[in-house]
Structure formats: structure tokens, C-alpha cells
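[1] Here is a sequence with its predicted model. Questions after.
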Amino acid sequence: MAFDKVKRSENYSEWYNNLVKNADLAEHSAVKGCMVIKPYGYAIWEKIQQQLDKMFKETGHSNAYFPLFVPKSLFEKEEKNAEGFAKECAVVTHYRLKANPDKPGALMVDPDSKLEEELVVRPTSEAIIWNTYKNWIQSYRDLPILVNQWANVVRWEMRTRLFLRTAEFLWQEGHTAHATKEEALEETKKMLDVYATFAEEFMAVPVIRGVKSENERFAGADDTYCIEGMMQDGKALQMGTSHFLGQNFAKAFDVKFQTKEGKLEYVWATSWGVSTRLMGALIMVHSDDEGLVLPPKLAPIHVVIVPVYKNDEEFERVSAKALEIKKTLETLGLSVKFDNRDTYKPGYKFAEWELKGVPVRIALGPRDLDNGVAEIARRDEKTKTSVSLDSLHEYVPNLLNEIQINLFEKANAFQKLKTWNANNWEEFTEIVEKREGFAFAHWDGTAETEEKIKELTKATIRCIPFDRDETPGTDVLSGKPSIGRVLFAKAY
RNA sequence: CGGGAAGUAGCGCAGGCCGGUAGCGCAUCUGCUUUGGGAGCAGAGGGUCGCAGGUUCGAAUCCUGUCUUCCCGACCA
């Protein structure tokens, strides 16, 4: 185990990279831009999946699975969507290898195995799904269709970072079909709320909900809703999107249904997704120089028990009590690890479990047993207290709740601290470039101004918040009239 | 995809200019002593120097190509 000591405040991106590797979350693979998610990192992703999946089911959705490959002819049907993704698609052109006659032991693509039609490796699944939905939908009785899939997708990125942007990543994509525009809009909003609730209540990350500007909108959508979180370097991270697709895909794939009145109409669509990028957010929002800090609700291990002892006899004594505590806490639904490795000293274990972000540590030694207590350390505040053994079954669950709340409140306070109204260009550049935070500023609503601001400062419109200040004003750059403030920030 | 840097033991690095067959710290293994914040001592094991060519009697070192990573830029539904 390596314990790299690059401080968060000194080099944020190096700190992030080291943390991902040292906490055993993920590593690079032999494939450019693709990562290996290691067991501990994957365990966190599984917690994320389980909770989201539950929330999807509670809102009436079912899981299904669609193919990895999309025939090019289907992919290109919805023009804007195809255009948007064209530059980053992996394409399968052949289906066979053969021995290379010039190089013993080497293989080559068999030129005789060229596919009649190229297959696009899905960067997203709208095309294959809408081609399928066409067969599923005849009448209003077939609607709505509320389907989600957990899958991998590929986007050929030029510059990658573990979890934040990789060529292949894991995500879920919901794809729904509705009889009316109102219902589809309601679905779009509902799923964004699911994401926001998940981010705030489970990841302990406060998010700003809003609509994307036309520039930032999903290609093929009429509207894209999003949640945006603030990382500890003041940059924004898009943590989830929900798209109102209008009738764009229904028209492209000719998906019509017969209404009660017997008329044929195009169906209305939504799609929504979150990805392994959430892992990046989780890491960047809470962690510190000691390593990962996990909110209890997503921690694979809630409590680690570290025994302290001098000899076999003491170990036996401490061990017996530790196992008893483990059992008690597990009965309460907690995940408890008893670190009884004899090959490491307590101090080493403390540091290791801190690196891995385990929310609560219980240290237990002979001295504690004599006093009927255990030493409880919380990862978020790095404080320690002695707690009576008799009260652990109440103290620990309460502490976990407190940590969950504390992490959200700290993140929330940080976000508020680093968010300002920018009333003129000077203030705007000061906030975005020097103070490194979020700026609520007036925007004239044009793509030109948006582009220009991006060119000058690298800040983009993260979203037009749903609950924005709608006091009219003048654009921070162009001086033209604005009907309300929008959220600007540098983004990942 | 453009500019810069890097790749040598599991991890972090030295060696490279001036070619002679590889070293340090941590980790690992064995033994003893240890164990309340990253243990000590003694001994041991582990590397075709990213990969492929080339120059040379001889290449980690020089040359060419290639792959991967990092930083900056362009791109990022």
C-alpha cells in the first residue's frame, strides 16, 4: 500500500489521481482511456446502483437490456443525435481475425470478413431502443413504456481521467415513451428529481437543478435538465441529465400510436442517465489529505473494528468482544469489518481505513475492556471519543446518521461560500478566475454571448436554474437585456 | 488530435549526456522482539529497464517506430 502525500490544496488533480489509485478504486488498463474498476471502487458503484435501481422501480420503471452494437443505418436516423456523437464513435467493420502469413504467431484482420454494414458501438442507446419501441407500440394502451438499462457505453474521448471521463464507462439510461407531451415533460422532471434526491440524500452532495442552454443541450433533445455539483476546487461537475426528447425520435423511427379517438400520433419521449462519473463527484466533494471520505449511505464498510493487543491472551479477549460488537451492529443492518490481521500494527490500520474512507472506526484494547468502553473515531471530522460498550448499538447508528448529515452540510456550506452574484464583467472574471467558484450572472440568452464568455474565461453556462432569480438585468458581457440570472462556472 | 514530459522490482525513484549486462527507499518473505497513530533488528527473494526494430563485439543508455500515462490546448452529446 502506497501512501502518497500530495496535498489537495497543492495540486488538486494530482491529489485526485493519487487518491483514486491509493484507495484502490480504479486503475488504468492496457487500453487507452479505459479503466479497471477495482473491487473496492466497484463496491461503491454497486451501492450507487442498488439505491438508484430501487428509486427507478419505485417510480414505475423496469430494467431491460439492448445490444451493444447499433447498425449505422439506425444510428444515423435521428440526424442531430447522430451528428452530435459522430466524432466519438467506435465502429466495428470486420468480424474475423486470421493468422498473419508474414508474422508467425500474429493475427490480422481478415479482409474477407468485412461487414455489409458497419456497427457503431453505442455511445448511447436511443437509436436501437426507438427502433425496438416501434414494434412495441401500436395503441395508447401500450403507453407509457418506462424502461431503464444498466450498461456500458463507449465514447472515443481524446483526453481521459479516471471516473470523470473515460472512453468506456458504466451508466444507466432510462428511455420512456408517452402518449402526451405533458406526461413526457413530467417524467423528465420526475427523474431529475430522483437524481437530485439521490445526490443530496445519499451522496451528500448539494446540487443545482436547471435547464441546459441550447449549446449544452443533448443532441436530439428539445430540452435537457441537469443537476450540477460543486467540487472542492470550485469547478462544476454535471452529475446527471434528464432529456425531454419531444417527438424527435418518434418521428425519426416512425413510432406512432392510435389514440382513444382513433387518430395516429407520434409518441413523446424522454431519456435520462447517470454514470460512473458520480464516483468522481463522490471522491472530489468529500475527500481530504488523508484519503477518501465516504457518506455512510454509500460506504461498502460502515464500521471497521481495529483490535489493540500485546499478546495472544489479550488478542483473544479483545477479539471476543469485537466479534460481539460486530454481530450486534450487523443485526442493525450495518456492514462491519473486523480487521484482525496480525501483520499490521493499529496505527497502520487506522491510516489504511482512513485512506479508504470508512466512516466509523472502533478501536478496542484491554484498557477499553477494563473500562467498559471503546474508542470511536469518525472519519469526517477525525475526532475520537470513548463510548460505553453498552450503548454502541445506539451510538454507532446515530453517529452514522450524523456523519451523513454533516457531510452534506459541509458540502453545502462550501458551495454557498463559493457562489456569488456577478453584476458586471469585472466581478464575473474575478469570481470565475480568481475566487474559483460559481457565478450567477445575467445572460442575454444568445449562443454568441455564451460562446464569447467561454472563449474569454473558459466558464460555461452550467444551467439555467429552475429556481433562479428572475429580476431583469443586463448581460454581464454584452450589456443587452436579460430576464434572469444563469449559473456560470468552469466545468469538468 | 497539436505542444511538452514521462515509462527501470508491487509502489516511488536513481542510473542515461560519457554503451561494458542494474541500484536505492518503501513494500514482500523468514526469524526474533513488538502492537493505544503508518514498528525495530538480522537475513532473504524479486526486474528480458513499456514494446518492436536498428547501430554496435556489446544497448536501460545511442537511433527509428510504436503503445500507455501525466500536464497544457482543441474537442466533450
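    Alright, I've got the coordinates.
[2] measure the residue in the stretch 201-350 of chain A that RNA strand B sits nearest to to residue A:370 for me?
    In the stretch 201-350 of chain A, no residue comes nearer to RNA strand B than residue A:347, which is 2.6 Å away by Cβ to the nearest atom of the strand. All C-beta spots, glycine's among them, are computed from the backbone N, C-alpha and C. Distance of residue A:347 to residue A:370, given as Cβ to Cβ, to the nearest Å: 21 Å.
[3] related to what we said a few turns ago, and the residue of the stretch 201-350 of chain A closest to RNA strand B, helix, strand or coil?
    What DSSP: H, G, I helix; E, B strand; the rest coil gives for residue A:347 is helix.
[4] How about the contacts made by residue A:383?
    Counting by Cβ atoms under 8 Å, 6 or more residues apart in numbering, residue A:383 touches residue A:377.
[5] if I look at residue A:262, how far off is residue A:181?
    According to Cβ to Cβ, residue A:262 stands 20 Å off from residue A:181.
[6] Tell me which of the two has more neighbours.
    Between residue A:262 and residue A:181, residue A:181 has the larger neighbour count (other Cβ atoms under 10 Å), namely 13 against 7.
[7] Give me the nearest residue to that one, chain neighbours excluded.
    Leaving aside its sequence neighbours, residue A:181 sits nearest to residue A:268 (Cβ to Cβ, 6 or more residues apart in numbering; 5.2 Å).
[8] List the contacts of stretch A:76-89.
    Against stretch A:76-89 from outside (Cβ under 8 Å, 6+ apart): A:75, A:120-121, A:123-124, A:126-127, A:130-131, A:154-157, A:218-220, A:248-249, A:252-253.
[9] cool, stretch A:281-289 as well?
    Under the contact criterion Cβ under 8 Å, 6+ apart, stretch A:281-289 has outside partners A:5, A:7-8, A:15-16, A:19-20, A:25, A:44, A:163, A:199, A:203-205, A:229-233, A:237, A:239, A:292-295, A:298, A:357, A:380, A:407, A:410-411.
[10] Kindly report the same for stretch A:133-152.
    With Cβ under 8 Å, 6+ apart, stretch A:133-152 has contacts from A:49, A:53, A:56, A:59-66, A:68, A:122, A:125, A:129, A:168-179, A:183, A:187, A:253-260, A:267.
[11] After the helix or strand bottoming out on mean pLDDT in chain A, which helix or strand is next? Please name it.
    Lowest on mean pLDDT, DSSP states H and E among the helices and strands of chain A sits strand A:107-109, with a mean of 83. Note on strand A:107-109: by DSSP states H and E, the next helix or strand toward the C-terminus is strand A:114-121.
[12] List the neighbouring strands of that following strand plus their orientation.
    Paired neighbours of strand A:114-121 in the sheet (DSSP bridges): strand A:69-71 (antiparallel), strand A:91-94 (antiparallel).
[13] what about the least confident helix or strand of chain A, distance to the chain center?
    38 Å (Cα atoms, centre = their mean, to the nearest Å).
[14] In the sheet, which strands lie alongside it, parallel or antiparallel?
    Paired strands of strand A:107-109, with direction, are strand A:97-99 (antiparallel) (DSSP bridges).
[15] contacts for the strand it pairs with?
    The contact list for strand A:97-99 (Cβ under 8 Å, 6+ apart) reads A:106, A:107, A:108, A:109, A:110.
[16] any idea of the mean pLDDT for it?
    Taken as a whole, strand A:97-99 has a mean pLDDT of 86.
[17] so where do the helices sit in the stretch 301-450 of chain A?
    A:312-331, A:346-355, A:366-371, A:392-417, A:425-429, A:447-457 (DSSP state H, counting those that start in this stretch).
[18] Pull the number of nearby residues for residue A:168.
    19.
[19] Touching, it and residue A:153? I think so.
    Yes - applying Cβ atoms under 8 Å, one finds residue A:168 in contact with residue A:153, separated by 7.2 Å.
[20] what about stretch A:484-492, start to end distance?
    25 Å (Cα to Cα, to the nearest Å).
[21] one step back: out of the helices of the stretch 301-450 of chain A, nearest to residue A:90?
    Of all these, helix A:447-457 sits nearest to residue A:90, with 28.2 Å by Cβ to Cβ.
[22] Which strands and helices lie in contact with the closest one?
    helix A:425-429, strand A:460-465 (3 or more Cβ pairs under 8 Å, 6 or more residues apart in numbering; DSSP states H and E).
[23] how about stretch A:340-349: buried residues?
    residue A:349 (16 or more other Cβ atoms under 10 Å).
[24] So for residue A:277, which of the helices and strands packed on helix A:447-457 sits nearest?
    strand A:460-465 (14.7 Å).
[25] between that closest one and helix A:447-457, how big is the angle?
    Between strand A:460-465 and helix A:447-457, the angle comes out at 130 degrees (axes from the mean of the first three to the mean of the last three Cα atoms, to 10 degrees).
[26] ok, strand A:460-465: who's next to it in the sheet?
    Strand A:460-465 is paired, per DSSP bridges, with strand A:207-211 (antiparallel), strand A:485-489 (antiparallel).
[27] CSV please, covering those strands and showing mean pLDDT.
    Supplementary listing: the strands paired with strand A:460-465 in CSV, determined by pLDDT from 0 to 100:
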stretch, mean pLDDT
strand A:207-211, 97
strand A:485-489, 96
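[28] With mean neighbour count and distance to RNA strand B added, can I get those in JSON lines?
    Formatted as JSON lines, the strands paired with strand A:460-465 follow (neighbours: other Cβ atoms under 10 Å; distance: least, Cβ to the nearest atom of the strand, whole Å):
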{"stretch": "strand A:207-211", "mean neighbour count": "22", "distance to RNA strand B": "13"}
{"stretch": "strand A:485-489", "mean neighbour count": "24", "distance to RNA strand B": "13"}
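[29] can you list those strands in CSV and add distance to residue A:428?
    Below are the strands paired with strand A:460-465 laid out as CSV (distance: least, Cβ to Cβ, whole Å):
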stretch, distance to residue A:428
strand A:207-211, 18
strand A:485-489, 7
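[30] can I assume residue A:491 is in contact with residue A:462?
    Yes - assessed by Cβ under 8 Å, residue A:491 is found in contact with residue A:462 at 6.1 Å.
[31] Return every residue with contacts to both of these two.
    In contact with both residue A:491 and residue A:462: A:228, A:236, A:238, using Cβ under 8 Å, 6+ apart.
[32] residues in contact with the first one?
    Under the criterion of Cβ under 8 Å, 6+ apart, the neighbours of residue A:228 are A:207, A:208, A:210, A:236, A:237, A:238, A:239, A:462, A:463, A:487, A:489, A:491.
[33] any idea of the pLDDT on residue A:223?
    96.
[34] Look up the residues forming beta bridges with it.
    With DSSP bridges as the criterion, residue A:223 is bridged to residue A:244.
[35] excluding its backbone neighbours, what's nearest residue A:265?
    Nearest one to residue A:265, counting by Cβ to Cβ, 6+ apart, is residue A:259 at 5.8 Å.
[36] The one you found and residue A:301: what is the separation?
    Relative to residue A:301, and taking Cβ to Cβ, residue A:259 is found at 53 Å.
[37] which of those two has more neighbours?
    residue A:301 (19 against 13).
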